[in-house]
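*Asks:* Below: sequence and its predicted model.
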Amino acid sequence: MQYFIIAGERSGDLHGSNLLKEILRLDPNAVAKGIGGRFLREAGMEVLFDYEGIAIMGFTEIFEKFSLIKQTSNLVKKALAENRPDCVILIDYGGFNLRIAAYAKSIGIKVFYYIPPKIWAWNTSRIEKLRTNTDRIFVILPFEKEFYERHGIEVDYVGNPILDSIVSFEPSPDFRFRNRLDEKPIIAVLPGSRKSEIEKSLYRILSILPAYPDHQFVVAGVDNLPESYYNHFRRNGRVDIVFEQTYDLLHHAEMAVVTSGTATLETALFNIPQVVVYATNTISYLLARLFIKVKYISLVNLIAGKKIVAELIQNSFSPANLRKELEVLHPGSHEREEMLQQYELIRSRLGNPGASRRCAELLVKRLSDEK
């Protein structure tokens, strides 16, 4: 069968690649094309369009990249009309993917949404678009199933794919030696994967360096940005950068500062105490305050339904506040032990590993049954 997969940013590319591997296990003759990046390409998909050009963060970037997004949308529609795949698999990236979903349904192509947009956070008006333009929705956060059912939509909770990645991870015994790190305790810094989010957070985080002479700050770099980009963050050797080694970094860290996103959940599952930070431009922040309907922004707190980790957002994300929150996370502190105990709640709510496999099985079976 032919699959058309659309992942509009890095985490979607990774989760999509793991899903595609499972699809190929079940359907060895499968052919996949679409939008993605390195991970989907390595998994066997023909990447017609790279996601890098259309990845966005915040409200204002939508306007900045509107022309390119529109052009890419038209090219995708043309590819769907010409290739007529058996299905389209959409991964997150709500605004773009919902428009593609409507078009695909209009020309008779089945639409599956894996990791739907976070409409529960700020835009429940999209619920009707999902209801009308998808054949099945596969969710990865436990509270999403209840949310959709309240709106009369049956979905499948397949588990969280991050569990799969962590279960299969094997720590490198020579991580410190290979990266020329000394034996000082590590404060891991996970600033995100896009320049826009890195610029907004990393300067503020590294401003607290002088307060931690007995620690080393290690930044998780990503290979979709050139290594040279990170050089001006090294602070004359006080800051180390490791590339594509986030799990090894977390495995060795004492605590972490994490930009809000998937990495907050990964950090919790590695049992590392953390402070969650987030900053964007003023216009995007003010718009977000108008529309966002949830109490928390980090996945850790959202899944728990209560505050487990501190969230420093926009103006509260200051060097003084960051130092204050980190100070209570040192080994032996009551706050640290309490956070680690609360992480167990997250694990229990996520369930068992196997999200990619379960999603692939449900998806392929549905396609086969309707052939």
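*Replies:* Okay, I see it.
*Asks:* contacts, neighbours, all on C-alpha from now
*Replies:* OK.
*Asks:* Next, Pro116: secondary structure please.
*Replies:* Recorded secondary structure, Pro116: coil (DSSP: H, G, I helix; E, B strand; the rest coil).
*Asks:* OK, contacts around it?
*Replies:* 90-94, 137-139 (Cα atoms under 8 Å, 6 or more residues apart in numbering).
*Asks:* let's see it at 6 Å
*Replies:* Neighbouring residues of Pro116 by Cα atoms under 6 Å, 6 or more residues apart in numbering: Asp92.
*Asks:* What count of nearby residues applies to the residue nearest to Tyr157 when sequence neighbours are not counted?
*Replies:* In this structure, Tyr157 finds its nearest non-sequential neighbour in Val139, 4.9 Å apart by Cα to Cα, 6 or more residues apart in numbering. Counted with other Cα atoms under 10 Å, the neighbours of Val139 add up to 23.
*Asks:* Val139 contacts Gly159, doesn't it?
*Replies:* No: Val139 lies out of contact with Gly159 (Cα atoms under 6 Å); the separation is 7.5 Å.
*Asks:* The residue nearest to Tyr157 and Gly37, how far apart?
*Replies:* Using Cα to Cα, to the nearest Å, we find Val139 at a distance of 22 Å from Gly37.
*Asks:* Contacts for the host helix or strand of Leu250, please.
*Replies:* When elements are assigned from DSSP states H and E, Leu250 belongs to helix 246-252. Residues outside helix 246-252 that contact it (Cα under 6 Å, 6+ apart): 171, 220.
*Asks:* next SSE after it?
*Replies:* Next along the chain from helix 246-252, counting by DSSP H and E, comes strand 253-259.
*Asks:* Give the partner strands of that next one in its sheet and their orientations.
*Replies:* If you go by DSSP bridges, strand 253-259 pairs up with strand 186-190 (parallel), strand 274-278 (parallel).
*Asks:* Make a markdown table from the ones you listed and add mean neighbour count and mean pLDDT to it.
*Replies:* Shown next, in a markdown table, are the strands paired with strand 253-259 (neighbours: other Cα atoms under 10 Å; pLDDT from 0 to 100):
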| stretch | mean neighbour count | mean pLDDT |
| --- | --- | --- |
| strand 186-190 | 25 | 98 |
| strand 274-278 | 25 | 96 |
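*Asks:* Indicate which one of these is closest to Ala102.
*Replies:* Checking the strands paired with strand 253-259 against Ala102 by Cα to Cα gives strand 274-278 as the closest, at 32.5 Å.
*Asks:* returning to what we had before: could you tell me which residues touch both of Val139 and Gly159?
*Replies:* In contact with both Val139 and Gly159: no residue, using Cα under 6 Å, 6+ apart.
*Asks:* Compare the strands paired with strand 253-259 and give me the one nearest Ala263.
*Replies:* Among the strands paired with strand 253-259, the nearest to Ala263 by Cα to Cα is strand 186-190 (7.2 Å).
*Asks:* What is the helix or strand following that closest one packed up against?
*Replies:* Following strand 186-190 in sequence order, the next helix or strand is helix 195-206 (DSSP H and E). Of the remaining helices and strands, none touches helix 195-206 by 3 or more Cα pairs under 6 Å, 6 or more residues apart in numbering; DSSP states H and E.
*Asks:* Could you list the buried residues of helix 195-206?
*Replies:* Under the neighbour-count criterion of 16 or more other Cα atoms under 10 Å, helix 195-206 has 196-198, 200-202, 204-206 buried.
*Asks:* do the same with stretch 124-144
*Replies:* 126-127, 130-131, 133-144.
*Asks:* ok, the residues you listed vs Arg178, which is closest?
*Replies:* Lowest distance from Arg178 to the buried residues of stretch 124-144 (Cα to Cα) belongs to Ile140, with 34.7 Å.
*Asks:* got the contact list for that closest one?
*Replies:* Contacts for Ile140 (Cα under 6 Å, 6+ apart) come out as 157-160.
*Asks:* Among those, which one is most surrounded by other residues?
*Replies:* The residue in the contacts of Ile140 with the most neighbours, by other Cα under 10 Å, is Val158 (26 neighbours).
*Asks:* Check the contact between that residue and Ser356; I expect there is one.
*Replies:* No: contact criterion Cα under 6 Å: Val158 and Ser356 do not qualify, at 7.7 Å.
*Asks:* So Ile23 lies in a helix, does it not?
*Replies:* Yes: if the criterion is three-state DSSP, then Ile23 is within a helix.
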